[in-house]
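Asks: build me a structure from this.
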Amino acid sequence: MNNINLLPKVPLLRRFYIPLLMLLVALFVIAGALICTWSYLLAKNNAVIRHDADLAQATVNRLRKEREVDPLTKNTAALAAEIQKLKTSRRDWSPVLDAIIASLPANARMVDANAADLNSVTANCEFSTVTDLADYVAKLQHNPLIAEAAVKDIHRLEKEVAPKASVPFFQASITVKLSAIAQPK
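Replies: Numbers count the residues shown, from 1 in each chain. I've put the predicted structure just below:
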């Protein structure tokens, strides 16, 4: 005997509607969960990246601050530079002054000497006669340490040695330019 199905046949759409609907809902829930998880991970990754960037910026700021020279070091470096500058531009004036004083006649005296720069000296001297002054300048010009000696000005003055007695003398300002061998190294 054959079984006869007397129940009416259910259309295919009606038969798969609820399982298909459940499958679609499950797919949308899974897709939503994936999107939420992806956005959470992206936000977490952004936070990590932002944190790393802040740490890197803090490190850069700390290193920049460490690289800055503190005022004490700046002052010490400036002092060292000034000392080095003075060492390189200093001059031993002893041989030059010895050469200038050694040529003075016996009856003359040097009142003072000023160095305007490293290449010249101005000496104020007193002489008893003008010929002593001329001889002195000629001796200076023949000295190997001196390139040029010139008289800037001469004044005739009188010095009182006793009451109502005076002695004439000449006050001269002499400019001496130094030669290359007398220059500092």
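
Asks: so the spatially most central residue of the chain: helix, strand or coil?
Replies: By C-alpha atoms, centre = their mean, the chain has its centre lying nearest to Ala78, at 8.1 Å. Classification of Ala78 using DSSP: H, G, I helix; E, B strand; the rest coil returns helix.

Asks: so His167, which of the three states?
Replies: His isn't right for residue 167; it's Val. Val167 ends up strand, using three-state DSSP.

Asks: my guess is it contacts Glu158, does it?
Replies: Yes - under the criterion of C-beta atoms under 8 Å, Val167 makes contact with Glu158 at 6.7 Å. All C-beta atoms are positioned from the backbone trio N, CA, C, and that covers glycine.

Asks: what do the two both touch?
Replies: Counting by C-beta atoms under 8 Å, 6 or more residues apart in numbering, no residue touches both Val167 and Glu158.

Asks: show me what the longest helix seen in the chain is packed against.
Replies: For the chain, the helix that runs over the most residues, judged by DSSP state H, is helix 12-67. Helix 12-67 sits against no helix or strand, with contacts defined as 3 or more C-beta pairs under 8 Å, 6 or more residues apart in numbering; DSSP states H and E.

Asks: go through the longest strand seen in the chain and flag the buried ones.
Replies: When the chain is parsed with DSSP state E, its longest strand is strand 146-162. Judged by neighbour count (16 or more other C-beta atoms under 10 Å), strand 146-162 contains these buried residues: Ile146, Ala147, Ala149.

Asks: closest to Arg15 among those?
Replies: Within the buried residues of strand 146-162, proximity to Arg15 (C-beta to C-beta) peaks at Ala147, which comes in at 124.1 Å.

Asks: how about that closest one: what's its closest non-neighbour residue?
Replies: Spatially, and ignoring its direct neighbours in sequence, Ala147 is nearest to Ser179 (4.1 Å; C-beta to C-beta, 6 or more residues apart in numbering).

Asks: quick one: contacts for that neighbour?
Replies: So Ser179 contacts Pro144, Leu145, Ile146, Ala147 (C-beta under 8 Å, 6+ apart).
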